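*Asks:* Provided below for reference: sequence and predicted model.
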Amino acid sequence: MRSDTITQGLERTPHRALLKGTGLPQSEMGKPFIGIATSFTDLIPGHVGMRDLERFIEKGVHTGGGYSFFFGIPGVCDGISMGHKGMHYSLPTRELIADMVESVAEAHRLDGLVLLTNCDKITPGMLMAAARLDIPCIVVTAGPMMSGRGDAGRKYSFVTDTFEAMARYKAGVIDDAELARCEENACPGMGSCQGLFTANTMAILTETLGMSLPRCGTALAVSALKRRIAFASGEKIVDLVRNNVTPRSIMTREAFENAIRVDLALGGSSNTVLHLLAIAREAEVELPLSTFDVLSKETPQIASMNPAGEHFMEDLDAAGGVAGVLKQLGDKIHDCPTLFGLSTRELAASLQGVDESVIHPMSDPVKKEGGIAVLFGNIAPEGAVVKQSGVSDAMMKFTGVARCFDSEERAMAAMMGGVVKSGDVVVIRYEGPKGGPGMREMLAPTAALMGLGLGDSVALITDGRFSGGTRGPCIGHISPEAAVGGPIALVEDGDKIELDIPSRSLKLLVSDEELAQRRTRWVAPEPKIKKGWLARYAKVVTSAHTGAITTAE
């Protein structure tokens with residue numbers, strides 16, 4: 001075992017002494033050493049329940065014959081960090097998390113890892129570490145939050161009843177009392193936000209990849225089932241160590257394609273494009289951005305999930321969860337191994353039935369194509385991403401007039417001040433991986449568009465990214481970004497921009513000659529942040545079309 005490096009032989013006497021200093025009995029010295037990387041924090045609703053799950057994982061590890069060690073991993077709540085300086089840190093923490101898990105596992109020669117996670121960048125960071133280390137690992141996602149409940153059976157959810165509610169209040173649609181009810185009911189307790197936002201999408205894709213146990217991706221945070229999954233995961237990791245089942249044997253090209261198809265079928269978060277590209281790179285799997293669009297054209301959307309649709313995570317879990325989606329997708333799913341033993345098709349076959357009012361059959365899709373589309377054009381020669389599941393039919397094709405803003409704050413002020421009008425295309429730039437830095441989510445402005453009633457008459461494009469809660473004609477990840485001189489930097493107020501999602505096209509209706517003239521006048525901006533971690537991050541982060549990863553190259 002890897003841990004023999006620190007436990008066996010005369011020269012390891014000091015190492016054993018230090019281990020015994022932690023309370024480790026001599027009788028446990030030869031057992032598999034299992035690290036439990038926990039992102040528990042009091043700051044995030046999705047993580048406040050992890051102390052309970054830690055206990056059950058620990059019980060499972062010891063029942064399985066291993067010895068467990070906890071170590072902490074940081075977490076950032078995207079909702080709390082949204083709309084201010086804090087959001088610059090969210091995506092970069094993904095890289096820190098991967099590096100921290102790698103550092104602890106390698107420095108202490110752990111034999112295997114249980115990765116306890118839940119929210120937006122934490123789960124992909126954990127998976128990146130698992131793929132990079134390629135030692136036995138299992139992921140436990142802490143589970144989604146229950147929907148809030150109001151009068152007459154009304155269900156509340158985080159994005160619709162906070163970010164969009166602010167704009168509805170500003171527009172005079174709701175009053176003080178209703179805004180207060182939204183605030184009180186939107187987040188009723190522990191768990192990741194109730195709809196198919198990034199956290200829950202990544203939990204589902206982790207299960208689809210085969211890296212967590214069945215129903216882990218959808219079982220509610222408050223459920224006894226989640227405790228049992230935590231216990232079983234603790235037991236399972238010891239078995240994985242003994243049989244040397246490693247992440248790269250599970251996270252194959254076919255497994256990534258399965259994950260993409262499930263994402264498309266559910267209409268999940270556009271952030272998963274960034275994350276799956278980054279995880280695949282760590283797993284040494286070739287996964288170009290174009291893969292998402294190729295699969296989207298042949299994978300129908302078969303569920304209508306909040307925020308763009310009607311169902312919540314509790315509904316998806318009851319309807320059959322990940323196994324139900326796999327079952328409905330049928331032959332479109334590759335038969336891949338999983339770390340829990342059943343192959344993907346065996347898992348689907350084990351499910352007795354699916355609630356087809358939630359997870360539709362292929363013969364009755366919600367939409368003919370998958371939830372994500374990749375667009376190209378002279379404004380995004382290396383690609384852009386749109387969550388087309390959240391776009392109305394009326395806005396699938398749209399030509400509008402550019403209104404340009406060099407930061408999210410300026411755009412938000414213009415929207416809330418009534419400057420943005422029907423027929424506009426809001427351009428938010430210098431918010432990409434380097435320019436942000438950190439590629440901030442634009443949930444506040446996108447929610448403002450919906451709340452102000454402009455979702456069917458205004459489009460938004462950005463080199464930043466969006467929350468999983470975003471809906472409407474919002475195109476992100478524009479590559480190359482403005483900070484490196486991408487064409488989005490050359491757009492001027494009054495330019496016409498043409499969006500054609502069915503044709504996968506995003507065009508700036510300006511001549512090549514005019515753009516060439518503008519380029520001669522363009523000057524690279526000063527970095528927004530010049531010190532600390534983010535300044536270093538901006539120097540090494542790559543473009544969104546490669547997953548916004550950091551490299552030493």
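*Replies:* Arrived safely.

*Asks:* pull the distance from stretch 170-190 to the chain's centre.
*Replies:* 26 Å (Cα atoms, centre = their mean, to the nearest Å).

*Asks:* same deal with stretch 35-53?
*Replies:* That offset, for stretch 35-53, works out to 18 Å (Cα atoms, centre = their mean).

*Asks:* now do that stretch: distance from first to last residue.
*Replies:* In stretch 35-53, first residue to last residue: 14 Å (Cα to Cα, to the nearest Å).

*Asks:* so what's the residue count around the closest residue to residue 3 other than its chain neighbours?
*Replies:* Excluding its sequence neighbours, the residue lying closest to residue 3 (Cβ to Cβ, 6 or more residues apart in numbering) is residue 33, at 4.1 Å. From N, CA and C alone the C-beta is placed, and that goes for glycine too. Residues lying near residue 33 (other Cβ atoms under 10 Å) number 27.

*Asks:* please report phi then psi for residue 33.
*Replies:* The phi/psi pair for residue 33 (degrees, to the nearest 10) reads phi -90, psi 120.

*Asks:* distance check, it against residue 397.
*Replies:* Look at residue 33 and residue 397: by Cβ to Cβ, to the nearest Å, they are 57 Å apart.

*Asks:* how long is stretch 481-491 end to end?
*Replies:* End-to-end distance (Cα to Cα), stretch 481-491: 12 Å.

*Asks:* would you mark the buried spots in stretch 352-369?
*Replies:* Residues of stretch 352-369 classed as buried: 354, 358-360, 365-367, 369 (neighbour count, 16 or more other Cβ atoms under 10 Å).

*Asks:* span of it from start to end?
*Replies:* 27 Å.

*Asks:* who's in contact with that stretch?
*Replies:* For stretch 352-369, contacts defined as Cβ atoms under 8 Å, 6 or more residues apart in numbering pick out 264, 267, 296-297, 299-304, 309, 311, 315-316, 318-320, 324-325, 327-330, 388-389.

*Asks:* just the pLDDT for the residue nearest the centre of the chain.
*Replies:* Closest to where the C-alpha atoms of the chain average out (Cα atoms, centre = their mean) is residue 198, at 3.6 Å. Here the pLDDT value assigned to residue 198 is 93.

*Asks:* returning to that earlier point: mind listing what the residue nearest to residue 3 touches?
*Replies:* Neighbour list for residue 33: 1-3, 7, 66-67, 69, 108-112 [criterion: Cβ under 8 Å, 6+ apart].

*Asks:* do that again at 6 Å, thanks
*Replies:* Shown in contact with residue 33 (Cβ atoms under 6 Å, 6 or more residues apart in numbering): 3, 67, 110-111.

*Asks:* how much space is there between it and residue 439?
*Replies:* 36 Å.

*Asks:* what of residue 97?
*Replies:* 16 Å.

*Asks:* same check on residue 39?
*Replies:* 21 Å.

*Asks:* who's more crowded, those two?
*Replies:* Neighbours were counted for residue 39 and for residue 439 using other Cβ under 10 Å; residue 439 has more, 28 against 24.

*Asks:* test my guess that the more buried one contacts residue 465.
*Replies:* Yes. Counting by Cβ atoms under 6 Å, residue 465 is a contact partner of residue 439 at 5.2 Å.

*Asks:* with just CA atoms, put stretch 260-275 into CSV.
*Replies:* Provided in CSV are the C-alpha atoms of stretch 260-275 (Å, rounded to 0.1, in the frame of the first residue of the first chain):
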residue,chain,number,x,y,z
ILE,A,260,-22.6,15.1,-21.1
ARG,A,261,-25.7,13.3,-22.4
VAL,A,262,-27.3,13.2,-19.0
ASP,A,263,-26.5,16.9,-18.6
LEU,A,264,-28.1,17.6,-22.0
ALA,A,265,-31.1,15.5,-21.2
LEU,A,266,-31.8,17.3,-18.0
GLY,A,267,-31.0,20.8,-19.2
GLY,A,268,-28.3,21.3,-16.7
SER,A,269,-25.9,24.1,-15.9
SER,A,270,-23.7,25.6,-18.6
ASN,A,271,-20.8,25.6,-16.0
THR,A,272,-20.5,21.9,-16.5
VAL,A,273,-18.8,22.6,-19.8
LEU,A,274,-15.9,24.3,-18.0
HIS,A,275,-15.8,21.6,-15.3
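
*Asks:* quick one: that stretch to chain centroid distance?
*Replies:* In terms of Cα atoms, centre = their mean, the centre of stretch 260-275 is found 8 Å from the chain centre.

*Asks:* please apply the same query to stretch 502-514.
*Replies:* 29 Å.

*Asks:* whichever of the contacts of stretch 352-369 end up buried, select them in ChimeraX.
*Replies:* Restricted to buried positions by 16+ other Cβ under 10 Å, the ChimeraX selection for the contacts of stretch 352-369 reads:
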select :264,267,296,299,300,301,302,303,304,309,311,315,316,319,320,324,325,327,328,329,388,389
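
*Asks:* regarding the residue nearest to residue 535 when sequence neighbours are not counted, what are the backbone dihedral angles?
*Replies:* Closest residue to residue 535 apart from its sequence neighbours, by Cβ to Cβ, 6+ apart: residue 529 at 5.5 Å. Residue 529 adopts backbone torsions of phi -130, psi 130, taken as degrees, to the nearest 10.

*Asks:* on the pLDDT front, check residue 529 for me.
*Replies:* We have a pLDDT of 92 for residue 529.

*Asks:* distance of residue 279 relative to residue 460?
*Replies:* Taken as Cβ to Cβ, the span from residue 279 to residue 460 is 27 Å.

*Asks:* between the two, which is the more surrounded one?
*Replies:* residue 279 (35 against 27).

*Asks:* phi first, then psi, for the more buried one.
*Replies:* phi -60, psi -40.

*Asks:* over to the one 10 residues further on?
*Replies:* Its backbone dihedrals place residue 289 at phi -50, psi -40, with angles given as degrees, to the nearest 10.

*Asks:* quick check: the gap between it and residue 380.
*Replies:* Distance of residue 289 to residue 380, given as Cβ to Cβ: 11 Å.

*Asks:* neighbour count winner among the two?
*Replies:* Set side by side, residue 289 and residue 380 show more neighbours around residue 380, with 29 against 22, by other Cβ under 10 Å.

*Asks:* my read: residue 480 touches residue 489, true?
*Replies:* No. Counting by Cβ under 6 Å, residue 480 does not reach residue 489; the two are 9.0 Å apart.

*Asks:* pick out whichever of these two has more residues nearby.
*Replies:* residue 489 (24 against 21).

*Asks:* tell me which residues touch that one, please.
*Replies:* Neighbours of residue 489 in contact, by Cβ under 6 Å, 6+ apart: 482, 522.

*Asks:* please redo it, this time with the cut-off set to 7 Å
*Replies:* Contacts for residue 489 (Cβ atoms under 7 Å, 6 or more residues apart in numbering) come out as 429, 482, 522.

*Asks:* are any of the residues you listed buried, and if so which?
*Replies:* 429, 482.

*Asks:* wait, which of the contacts of residue 489 is closest to residue 471?
*Replies:* Of all the contacts of residue 489, residue 429 has the smallest distance to residue 471: 21.6 Å, by Cβ to Cβ.

*Asks:* once you drop chain neighbours, what's closest to that closest one?
*Replies:* Residue 429 sits nearest to residue 482 (Cβ to Cβ, 6+ apart), 3.9 Å away.

*Asks:* how close does the one you found get to residue 415?
*Replies:* Distance from residue 482 to residue 415, by Cβ to Cβ: 20 Å.

*Asks:* cool, residue 3 as well?
*Replies:* 55 Å.

*Asks:* between these two, which is the more surrounded one?
*Replies:* residue 415 (27 against 21).

*Asks:* would that one count as being in a helix?
*Replies:* Yes. Secondary structure of residue 415 (DSSP: H, G, I helix; E, B strand; the rest coil): part of a helix.

*Asks:* surely it meets residue 448?
*Replies:* Yes. With contacts counted by Cβ atoms under 7 Å, residue 415 reaches residue 448, the gap being 4.7 Å.
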